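Undergrad: Pasting the sequence and the predicted coordinates here, then a few questions.
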Amino acid sequence: METMTSVLGFGLAVCLALVHILASKARWLLHLPQRWWMSFAGGISITYIFLDIFPELSHAQAEASPLEGIPLIRYVENHVYLLALVGLAVFYGLEQMALRSRRHNAATKGDQSTEVGVFWVHTAFFALYNAVLGYLLTETGHSSILTCLLLFFALGLHFVVNDIGLREHHQRSYDKLGRWLLAGAILVGWSLAQAVTFSEMAFAVAWALVSGAMILNVLKEELPEQEDSHFGLFVTGIALYAVVLLASQA
């Protein structure tokens with residue numbers, strides 16, 4: 001049973017790493033109407049947030065146990081939603097940093113990509129994000145194969161959209177190095193989980209920070225502008241994923 005748990009978690013980590021390696025090279029996506037597949041992907045991701053991430057945050061809130069005698073730490077540990085907000089704010093700041101760098105380079109050099117330092121900072125935070133997700137994949141080992149497939153589908157779409165956005169910011173740097181670092185970070189996180197077991201409180205804190213970042217990335221990248229959206233496909237993505245996800249949890 002333990003071997004099967006490891007195989008499922010490792011297989012999921014490898015498949016998600018491959019998404020990073022291949023997503024920015026998936027030129028066929030550019031030939032599909034973006035308003036169609038982005039709206040459908042946005043519906044799935046929003047459903048994942050409301051039916052999976054929010055319940056997990058609630059569970060993390062219940063699991064986080066305070067450190068006695070340290071009032072500030074006790075306050076933070078008992079408020080995983082505050083930590084999720086911190087994760088959201090940090091990644092929003094990174095996005096603004098990348099946008100400013102691109103505008104500056106476009107105005108001064110005619111280059112649409114970010115500066116080298118911005119690329120490394122942006123990539124480092126996303127690598128940390130992926131490493132935590134890779135560590136959290138150990139929890140899927142106790143889930144059914146259907147649940148793992150649903151998780152892969154939701155995270156895979158999320159990564160594809162994220163990769164397209166990151167490549168737009170960093171261009172050649174992302175193609176040559178960034179995508180490989182993000183793919184490797186998932187495997188590093190999974191490997192770390194095999195060697196080190198953190199407490200429930202640490203697990204809850206990590207999940208809260210990643211959840212906030214994921215919520216921002218979904219809202220920022222996967223909900224197209226009104227003129228570029230297709231409401232019917234957005235609702236279809238919500239309905240299909242909600243039905244399958246709830247059926248798998250029944």
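TA: Structure's in. What do you need?

Undergrad: Reduced to three states, what does Gly110 come out as?
TA: With DSSP: H, G, I helix; E, B strand; the rest coil as the basis, the three-state label of Gly110 is coil.

Undergrad: Now do the contacts for it.
TA: Contact partners of Gly110, counting by Cβ atoms under 8 Å, 6 or more residues apart in numbering, are absent. All C-beta spots, glycine's among them, are computed from the backbone N, C-alpha and C.

Undergrad: Kindly provide the distance from it to Asp175.
TA: With the distance defined as Cβ to Cβ, to the nearest Å, Gly110 ends up 20 Å from Asp175.

Undergrad: What segments of this protein are strands?
TA: Remark: no strands are assigned in the chain by DSSP state E.

Undergrad: Show me the residue sitting in the middle of it in space.
TA: Centroid-nearest residue in the chain, with Cα atoms, centre = their mean: Met214, separated by 4.7 Å.

Undergrad: wait, doesn't it sit right on Ile53?
TA: Yes. Judged on Cβ atoms under 8 Å, Met214 makes contact with Ile53 at a distance of 6.6 Å.

Undergrad: Could you list the buried residues of stretch 96-106?
TA: Burial within stretch 96-106, assessed by neighbour count using 16 or more other Cβ atoms under 10 Å, is assigned to 97-98, 101-102, 105.

Undergrad: Tell me which of those has the lowest pLDDT.
TA: Of all the buried residues of stretch 96-106, the one the model is least sure of by pLDDT is Asn105, with 89.

Undergrad: State the number of residues packed around the residue lying closest to His104 once chain neighbours are set aside.
TA: On the basis of Cβ to Cβ, 6 or more residues apart in numbering, the spatially nearest residue to His104 that is not a chain neighbour turns out to be Glu115, at 7.6 Å. By other Cβ atoms under 10 Å, 19 other residues sit near Glu115.

Undergrad: Report the contact partners of Glu115.
TA: Listed by Cβ under 8 Å, 6+ apart, the contact partners of Glu115 are 101, 104-105.

Undergrad: Just those residues: which are in helices?
TA: Judged by DSSP state H, the subset of the contacts of Glu115 located in helices is 101, 104-105.
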